[in-house]
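1. Whatever this is, show me its structure:
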Amino acid sequence: MAKNFGKGFPTEDCSTVSMATDPSTMGQYLARRLVQIGVSDIFSVPGISNLAIFDYFMAEKGLNLVGCCSELNAGYGADGYARCRGVGTCAVTFTVGSLSLINAIAGAYSEDLPVICIVGGPNSNDYGSKKILHHTIGLPDFNQEFRCFQNVTCYQAVIDNLEDARWQIDRAISKCLEESKPVYISICCNLVAIPHPSFSFSAQPLIPLSLSPKQSNQLGLEMAVKKASDLLNTVIKPVMIGGKKLRLAKAQAAFLELADACGYAVAVTPSAKGMFPENHPHFIGTYWGIVSTAFCGETVEIADASLFIGATLDELETVDYSLTYKKNKAIIVEPDRVMFPNGSSFGLILMKDFLQALTKRLKPNLTAYENYHRIYVPESSPPQSELGEALRVNVLFKHIQKMLTNNMTVISETGDSWFHCQKLKLPKSCGYEVQLLYASIGWSLGATLGYAQAAPNERVVLCIGDGSFQMAPQDVSTMLRLKQRNIIFLINNGGYTIEVELHDGPYNIIKNWDYTALVNALHNHEGNCWTTKVQTEEELVNAIETAMGDKSNCLCFIEAIVHRDDTSKELLQLGNKLAAIASRPPKPVL
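-> Next up, the predicted model:
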């Protein structure tokens with residue numbers, strides 16, 4: 001069975017798995033294969049064409065069907081689950097369900113997350129029949145859904161016969177694990193319960209669902225390591241910067257070993273927060289251009305050489321490509337190649353192999369970290385509020401910082417939470433998740449559902465704004481049904497604050513809800529739930545003490561009322577930058 005080593009991707013050897021009963025139908029076969037790769041929860045919404053396969057999912061030992069309130073949140077749930085467990089699965093119905101799901105799958109694609117999308121399709125007899133079916137757009141062509149998913153998945157399978165169904169299922173799962181991207185599997189609803197000899201594990205040997213690990217080009221590896229070490233060993237103050245593709249390359253441990261050996265100052269990009277221990281003696285913070293954490297940006301940009309490992313230098317990670325590190329002295333390490341500042345590159349070189357080999361060749365150099373330590377001045381904590389003073393956002397995060405423990409994971413929603421959460425100092429083993437590139441507002445609530453289901457021994461702390469919460473609040477009820485113990489901080493400032501700082505207008509003001517009353521209604525006196533509304537620092541402190549004490553076994557919902565214009569300086573800086581970018585005049589037509 002799949003084994004999950006910490007917060008990362010599973011390894012598996014399906015050929016050694018022994019099951020009590022031999023599968024005979026497609027439904028049994030697919031369910032068994034999902035269990036083998038480490039899936040124990042499927043995030044789902046029922047529909048007429050997927051009910052038959054849902055029966056098989058529910059019958060499979062070790063597999064749990066998590067019913068969600070919307071397809072969008074089912075997709076977000078699979079995203080959050082994949083971040084923790086290494087692979088996630090969602091199951092919905094044809095077209096009307098899958099097209100609601102597709103936004104979440106696009107986000108998972110942008111994050112290199114292996115998510116298996118299972119769609120219950122029409123009866124196989126309806127293909128080519130020229131019939132008009134419900135849940136379609138009124139055309140006899142049933143391929144609209146397939147074409148949409150081609151753009152946001154790495155592999156698509158439509159299973160409309162039993163002869164090659166086993167091969168199609170195994171091929172899709174293999175591609176999902178191999179490429180660490182979502183895949184799409186559509187299954188005709190009338191086929192799932194029909195026995196076929198190809199589904200028997202005993203009749204045919206199992207094909208491993210993951211290929212043998214790729215091998216680095218040894219000559220290229222040696223040349224790249226020599227070239228990198230020659231550069232880095234001759235400069236004065238080199239630095240290391242880790243990016244989010246460390247997870248994709250399964251290279252987090254190798255990155256840590258390199259940092260331990262070389263002594264360089266170590267930063268992460270914003271999407272990689274939590275992928276390197278922040279209690280490490282040489283960690284200096286988040287490198288994010290003008291919104292970097294204190295003195296981190298200066299340390300990286302004054303360095304005379306840099307090693308970017310797994311970084312995705314997209315528009316948001318670079319604040320519109322405005323990073324000013326010395327590009328003529330930067331080595332870029334991607335999951336399968338290494339690029340040097342003179343334009344030369346070496347591949348196929350696996351990131352983990354490169355880092356492990358480089359660890360043996362670099363001379364220890366603490367200069368950059370010592371410079372950082374010399375100039376660093378700790379950011380002052382917000383002063384204690386006056387008795388009865390209105391709560392401020394920086395005060396809120398001061399107390400979130402104090403409550404964090406090593407068995408928690410912080411999930412940060414799009415908006416001002418991005419910047420406040422980046423400044424949190426994560427305790428050892430405390431996780432962190434964010435969706436920065438796709439930046440789908442509302443993603444974090446469904447992702448919290450999925451992550452918490454994948455890691456029941458952790459407590460997930462969600463920081464979300466009122467505008468984002470209004471996008472997809474329903475699945476708080478699913479959290480309650482599953483007895484999750486999440487702590488949700490709802491920051492209520494009466495609008496889309498991130499949009500306000502980009503371009504203000506009346507469209508950024510939203511109808512205020514009684515959020516605590518809404519969660520109480522979803523709770524409906526069933527399960528463990530505790531809610532409160534706080535407007536001062538004293539009330540916040542009491543609420544956190546309760547959430548961490550008497551209500552530690554509850555889902556805790558804390559609505560923090562703050563001023564509409566209470567934002568971080570980083571949001572103001574980024575908003576000003578992005579607003580200027582968006583308002584650029586068109587280039588003249590020549």
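
2. quick one: low-confidence parts of the chain?
-> 1-20, 128, 205, 211-212, 495-504, 507-508 (pLDDT under 70).

3. just how off-centre is stretch 411-431 within its chain?
-> Remark: stretch 411-431 is offset 13 Å from the chain centroid, using CA atoms, centre = their mean, to the nearest Å.

4. Endpoints of it, how far apart?
-> Taking CA to CA, to the nearest Å as the measure, stretch 411-431 stretches 8 Å from start to finish.

5. And the strands in the stretch 101-250 of the chain, which stretches?
-> 115-121, 155-159, 183-188, 238-242 (DSSP state E, counting those that start in this stretch).

6. Can you pull out the residues in contact with the second one?
-> With contact meaning CB atoms under 8 Å, 6 or more residues apart in numbering, strand 155-159 is reached by 26, 121, 146, 149-150, 165, 168-169, 171-172, 175-176, 179, 183-188, 191. From N, CA and C alone the C-beta is placed, and that goes for glycine too.

7. Mind checking which of these are buried?
-> Buried subset of the contacts of strand 155-159 (neighbour count, 16 or more other CB atoms under 10 Å): 26, 121, 146, 149, 165, 168-169, 171-172, 175-176, 183-188, 191.

8. how about residue 89, secondary structure?
-> Put simply, residue 89 is strand when judged by DSSP: H, G, I helix; E, B strand; the rest coil.

9. contacting residues for it?
-> By CB under 8 Å, 6+ apart, the neighbours of residue 89 are 34, 39, 41-43, 78, 81, 115-118.

10. got JSON lines for those residues, with neighbour count and distance to residue 134 too?
-> Compiled in JSON lines, the contacts of residue 89 are given as follows (neighbours: other CB atoms under 10 Å; distance: CB to CB, whole Å):
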{"residue": "34", "neighbour count": "25", "distance to residue 134": "28"}
{"residue": "39", "neighbour count": "27", "distance to residue 134": "30"}
{"residue": "41", "neighbour count": "22", "distance to residue 134": "29"}
{"residue": "42", "neighbour count": "27", "distance to residue 134": "24"}
{"residue": "43", "neighbour count": "32", "distance to residue 134": "24"}
{"residue": "78", "neighbour count": "37", "distance to residue 134": "26"}
{"residue": "81", "neighbour count": "31", "distance to residue 134": "30"}
{"residue": "115", "neighbour count": "30", "distance to residue 134": "27"}
{"residue": "116", "neighbour count": "28", "distance to residue 134": "26"}
{"residue": "117", "neighbour count": "29", "distance to residue 134": "21"}
{"residue": "118", "neighbour count": "25", "distance to residue 134": "20"}
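
11. need the residues you listed in TSV with distance to residue 266, can you?
-> Converted to TSV, the contacts of residue 89 look like this (distance: CB to CB, whole Å):
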residue	distance to residue 266
34	37
39	34
41	34
42	38
43	35
78	32
81	29
115	30
116	34
117	36
118	40
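
12. What is the nearest of the residues you listed to residue 409?
-> Among the contacts of residue 89, residue 81 lies closest to residue 409 (CB to CB), at 12.4 Å.

13. Mind telling me what element the closest one is part of?
-> helix 71-85 (DSSP states H and E).

14. and that helix, what other elements does it pack with?
-> Counting by 3 or more CB pairs under 8 Å, 6 or more residues apart in numbering; DSSP states H and E, the packing neighbours recorded for helix 71-85 are strand 41-44, strand 88-93, helix 98-110, strand 115-121, strand 431-434, helix 443-454.

15. Now do stretch 521-538: distance from first to last residue.
-> End-to-end span of stretch 521-538 (CA to CA): 26 Å.

16. What are the contacting residues of that stretch?
-> With contact meaning CB under 8 Å, 6+ apart, stretch 521-538 is reached by 384-385, 387-391, 395, 399, 473-474, 476-477, 480-481, 483, 485, 515-516, 519-520, 539-540, 543, 546-547, 551, 553-561.

17. Would you write a PyMOL line that selects the buried entries of the residues you listed?
-> To isolate the buried ones among the contacts of stretch 521-538 in PyMOL, judged by 16+ other CB under 10 Å, type:
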select buried, resi 391+395+399+473+476+477+480+485+515+516+519+539+540+543+546+547+551+554+555+556+557+558+559+560+561
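
18. Domain map for this protein?
-> Listed domain ranges for the chain are 14-199, 218-375, 393-576 (source: automatic domain parsing).

19. Make JSON lines out of these and add distance to residue 586.
-> Formatted as JSON lines, the domains of the chain follow (distance: least, CB to CB, whole Å):
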{"stretch": "domain 14-199", "distance to residue 586": "27"}
{"stretch": "domain 218-375", "distance to residue 586": "17"}
{"stretch": "domain 393-576", "distance to residue 586": "18"}
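
20. which stretch among those domains comes nearest residue 589?
-> With CB to CB as the measure, domain 218-375 is the member of the domains of the chain nearest residue 589 (23.9 Å).

21. how distant is that closest one from the center of its chain?
-> 22 Å.

22. residues contacting the residue nearest to residue 46 when sequence neighbours are not counted?
-> Leaving aside its sequence neighbours, residue 46 sits nearest to residue 54 (CB to CB, 6 or more residues apart in numbering; 6.2 Å). Contacts for residue 54 (CB under 8 Å, 6+ apart) come out as 44, 46, 65, 91.

23. gap between the second one and residue 325?
-> What that stands for is residue 46. Separation of residue 46 from residue 325 (CB to CB, to the nearest Å): 51 Å.

24. out of those two, which sits in the more crowded spot?
-> The neighbour comparison of residue 46 against residue 325 (other CB atoms under 10 Å) goes to residue 325, with 20 against 16.

25. Would you agree that one is in contact with residue 301?
-> Yes: assessed by CB atoms under 8 Å, residue 325 is found in contact with residue 301 at 5.1 Å.

26. Nearest to residue 228, out of the strands of the stretch 101-250 of the chain?
-> Judged by CB to CB, the one of the strands of the stretch 101-250 of the chain that comes nearest to residue 228 is strand 238-242, at 10.3 Å.

27. that older thread, now that we have the strands of the stretch 101-250 of the chain, can you turn them into TSV and tack on distance to residue 374?
-> TSV is the format used below for the strands of the stretch 101-250 of the chain (distance: least, CB to CB, whole Å):
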stretch	distance to residue 374
strand 115-121	45
strand 155-159	52
strand 183-188	50
strand 238-242	15
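
28. quick one: which of these is nearest residue 438?
-> If you check each of the strands of the stretch 101-250 of the chain against residue 438 by CB to CB, strand 115-121 wins as the nearest, at 13.2 Å.

29. and the angle from that closest one to strand 155-159?
-> Angle between the axes of strand 115-121 and strand 155-159 is 30 degrees (criterion: axes from the mean of the first three to the mean of the last three CA atoms, to 10 degrees).

30. At which residues are the helices of the stretch 201-350 of the chain located?
-> Ranges of helices in the stretch 201-350 of the chain, per DSSP state H, counting those that start in this stretch, are 218-232, 245-248, 252-262, 296-302.

31. Of those, which is nearest residue 456?
-> helix 245-248 (21.1 Å).

32. quick one: contacts of that closest one?
-> Under CB under 8 Å, 6+ apart, the answer for helix 245-248 is 8-9, 112, 180, 252, 255, 272, 275-276, 309-312, 334-335, 351.

33. Kindly recompute the last result at 7 Å.
-> 8, 112, 180, 252, 255, 272, 275, 309-310, 312, 334-335 (CB atoms under 7 Å, 6 or more residues apart in numbering).

34. ok, and the most crowded of those?
-> residue 309 (31 neighbours).

35. who's that residue bridged to?
-> Following DSSP bridges, residue 309 is listed with bridge partners residue 242, residue 333.

36. which ones are touching it?
-> Each residue near residue 309 by CB under 7 Å, 6+ apart is listed here: 240-243, 246, 255, 333, 351, 355.
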